[in-house]
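S.K.: next comes the sequence, and after it the predicted model I'd like to discuss.
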Amino acid sequence: MEGIFKLGDFKLHSEQVLANAQLAYETHGSLNSEKSNVILYPTWYSGRHDDNRGAIGSGKAMDPDKYFIIVPDMFCNGLSSSPSNTLEPQDGPRFPRINVYDNVIAQHKLLTNEFGIEKIKLVAGFSMSAQQAFHWGALYPHMVEAIAPICGSAKTSRHNWLFLEGLKCALKADAAFLGGDYKIPPELGLKAFSTIYAGWFASQTYYRESLDLTFGGQELQNMEEFLNTAHQVFAKNDANDLLGMLDTWQSADLSNHTGFNGDLKKALSSINCKAIVMPSKTDLYFPPEDNRIEVDLMPNAELKVIPSIYGHLAGGPGFSNDADDEFIDNVLKQLLL
């Protein structure tokens, strides 16, 4: 079931107020009478709730026959409040900056106010959704029983930040961008953006073995067709929306909260719930080495590396492969025992 949760005037981490804020979401399954069967599975960069459906189904860890699965859309994804759907004076490039905590606090309001939920069995997430899982564990430790961050980190690394800055520069360099007040989509900037992104979202071995020609389950003939297909992944998004989500990704920092005052060790050690962190062995955005440092600071966490050559794509339904999907699903089932 799809829905829209009205947040009203929503105060952000930046102290700005997002007027008439809303959170789009989708649910799968039924909430039991004890409200004890909840799984939260937020969206990732450029994704919308329908993109998450591939990981949900009968017999899978996220089984709607057993669990009530809530998929909230991130701010700036075009469905929840975003630069593209917000009225003046917060429209387009004037949309307020959003950080991960803003998304998590809005999601908390959805769960508690709309559904009366007080406990979550599992917060699972891929990429930016993994960042949200870490933040849920730190901000609501008495509510969350387990987290499963997949191909994501508690804090965006300096190297990851630099990659994202390159994407931002490529998109903004299009003369049609006009500082975000474009009259037509900045197509050249969007194509440059998606081309750079494609060079990073999978491993060198993935390309060496020509797996790009099967991207998205398709049968492609050459690199040009692959790049056109990759471009379509992002073409559904408004350029300002992409930049808004990108800014949230760049600024992701678990310790950027009054409760932690910039102390990442303190923030990570506050995640007391069960946690299994799953990086992809070949992820160029979120390498296992970064997660290993984080897991060592978490009191009840373990690291399980996805043995994949798909790079970052290993964690994304619709972009991964059967072996990676099975690995992740088995780990999620372990957490739900």
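M.R.: That came in fine, so what should we check first?

S.K.: export the helix-or-strand element of the chain with minimal mean pLDDT as PDB, just CAs?
M.R.: Between all helices and strands in the chain, the lowest mean by mean pLDDT, DSSP states H and E belongs to helix 223-235, at a mean of 94. As requested, the backbone C-alpha atoms of helix 223-235 are provided in PDB (Å, rounded to 0.1, in the frame of the first residue of the first chain):
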ATOM      1  CA  MET A 223      29.500   0.300 -24.100                       C
ATOM      2  CA  GLU A 224      27.400   2.900 -25.700                       C
ATOM      3  CA  GLU A 225      24.200   0.900 -25.000                       C
ATOM      4  CA  PHE A 226      25.300   0.300 -21.500                       C
ATOM      5  CA  LEU A 227      25.900   4.000 -20.900                       C
ATOM      6  CA  ASN A 228      22.500   4.900 -22.400                       C
ATOM      7  CA  THR A 229      20.900   2.300 -20.000                       C
ATOM      8  CA  ALA A 230      22.800   3.700 -17.000                       C
ATOM      9  CA  HIS A 231      21.700   7.200 -18.000                       C
ATOM     10  CA  GLN A 232      18.100   6.100 -17.900                       C
ATOM     11  CA  VAL A 233      18.500   5.000 -14.200                       C
ATOM     12  CA  PHE A 234      19.000   8.700 -13.300                       C
ATOM     13  CA  ALA A 235      17.000  10.300 -16.000                       C
END
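
S.K.: could you say what helices and strands it packs with?
M.R.: Using 3 or more CB pairs under 8 Å, 6 or more residues apart in numbering; DSSP states H and E as the contact definition, the elements that helix 223-235 packs against are helix 187-198. Any C-beta I mention is one placed from the backbone N, CA and C, and that applies to glycine too.

S.K.: tell me the buried residues in stretch 324-333?
M.R.: 324-325, 327-329, 331-332 (16 or more other CB atoms under 10 Å).

S.K.: just the closest of the residues you listed to residue 38, please.
M.R.: Closest approach to residue 38 among the buried residues of stretch 324-333 (CB to CB): residue 332, at 14.2 Å.

S.K.: lovely, talk soon.
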